[in-house]
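Asker: Pasting a predicted model and its sequence here:
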Amino acid sequence: MTATIAETIAANLADVRAKIAKAARAANRDPAAITLIAVAKMHDEEAVQAALAAGQTAFGENRVQEAKAKYPALKAAHPALDLHLIGPLQTNKARDALALFDAIHTLDRESLAETLGPEIKRAGSAPKLFVQVNTGEEPQKAGVAPKDALAFIARCREHHGLPVTGLMCIPPAQDTPAPHFALLVKLAREAGLSDLSMGMSGDYETAIRLGATHVRVGTAIFGARG
Ligand SMILES: *Cc1c(COP(=O)(O)O)cnc(C)c1O
């Protein structure tokens with residue numbers, strides 16, 4: 001007997017939640033302090049519906065365009081739906097992003113901070129904001145360099161009036177993730193930030209052990225992307 005896609009997603013979610021709880025308890029942390037973001041990029045609205053039906057409320061997308069097509073009706077039907085942008089944000093999509101997303105994990109450069117400041121003022125409410133740090137200093141990857149992170153966070157807060165609440169990182173694919181997570185934790189502590197967006201399908205338990213407050217899990221919930 002084959003399970004339906006909805007059954008598979010519900011079972012995967014239960015499994016991920018159990019692993020999150022176990023990793024949290026092993027680190028003497030409260031599982032309720034960890035937000036599971038179900039990353040639904042490249043999966044259709046039915047997949048999101050199935051996760052919603054299984055009690056999931058936080059979702060992640062990496063493209064504004066894709067999210068604009070997928071979520072307006074879902075958000076209207078599910079007011080608790082909490083949508084996180086986890087991919088790069090172009091300045092010309094900032095207004096669209098603010099209209100749709102409850103959190104932006106990819107504040108990564110001065111020009112974006114400069115655009116978001118007035119747009120947030122105009123919108124009248126701010127999303128949760130994470131500064132992305134390029135912990136592996138990979139040239140092709142977005143994010144501020146670790147050595148520039150504290151100055152950039154201060155500039156976001158003081159000059160652009162942005163209520164930054166946390167940091168986000170994507171460790172290099174070939175590296176052991178733990179040192180990258182530890183570096184993010186250290187920078188967050190130095191900046192006085194409490195939110196840590198780190199950990200994906202392959203390493204969210206490690207991230208939780210090190211202090212993640214937001215884990216971004218796609219494949220382990222929705223399966224492989226096309
Ligand atoms: C796609 C993506 C994820 C989810 O990755 P999985 O390995 O499928 O869990 C997490 N974070 C970011 C920034 C992503 O782009």
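Answerer: Arrived safely, thanks for sending.
Asker: what helices or strands is the lengthiest helix in the chain leaning on?
Answerer: Counting residues, the longest helix in the chain under DSSP state H turns out to be helix 5-26. Judged by 3 or more CB pairs under 8 Å, 6 or more residues apart in numbering; DSSP states H and E, the packing partners of helix 5-26 are strand 35-39, helix 45-53, helix 204-210, helix 219-222. For the C-beta atoms, the positions are set from N, CA and C on the backbone; glycine is no exception.
Asker: shaky segments in the chain?
Answerer: 1-2 (pLDDT under 70).
Asker: Would you mind naming the residues that bridge with residue 164?
Answerer: Here residue 164 shows beta-bridge partners residue 129, assigned using DSSP bridges.
Asker: any idea how far it lies from residue 199?
Answerer: Distance of residue 164 to residue 199, given as CB to CB, to the nearest Å: 20 Å.
Asker: ok, now residue 39?
Answerer: According to CB to CB, residue 39 stands 11 Å off from residue 199.
Asker: before we move on, what about residue 137?
Answerer: For residue 137, the distance to residue 199 - CB to CB - is 20 Å.
Asker: What of residue 122?
Answerer: Counting by CB to CB, the separation of residue 122 from residue 199 is 33 Å.
Asker: ok, now residue 51?
Answerer: Residue 51 is 18 Å from residue 199, by CB to CB.
Asker: neighbour-wise, which of these two wins?
Answerer: Taking neighbours as other CB atoms under 10 Å, residue 51 and residue 199 compare with residue 199 leading, 29 against 23.
Asker: So which residues on this structure come close to the ligand?
Answerer: 39, 41, 62, 86-87, 170, 200-202, 216-220 (CB under 6 Å from any ligand atom).
Asker: Just the ones in strands from those residues, please.
Answerer: Using DSSP state E, the members of the residues of the chain next to the ligand that fall in strands are 39, 216, 217.
Asker: Contacts only, for the last one.
Answerer: Residue 217 makes contact with 16, 36, 37, 38, 39, 199, 200, 201, 204 under the criterion CB atoms under 8 Å, 6 or more residues apart in numbering.
Asker: Counting neighbours, which of those residues comes out on top?
Answerer: Across those, the neighbour count under other CB under 10 Å reaches its highest value at residue 199, namely 29 neighbours.
Asker: With that, I have no additional questions.
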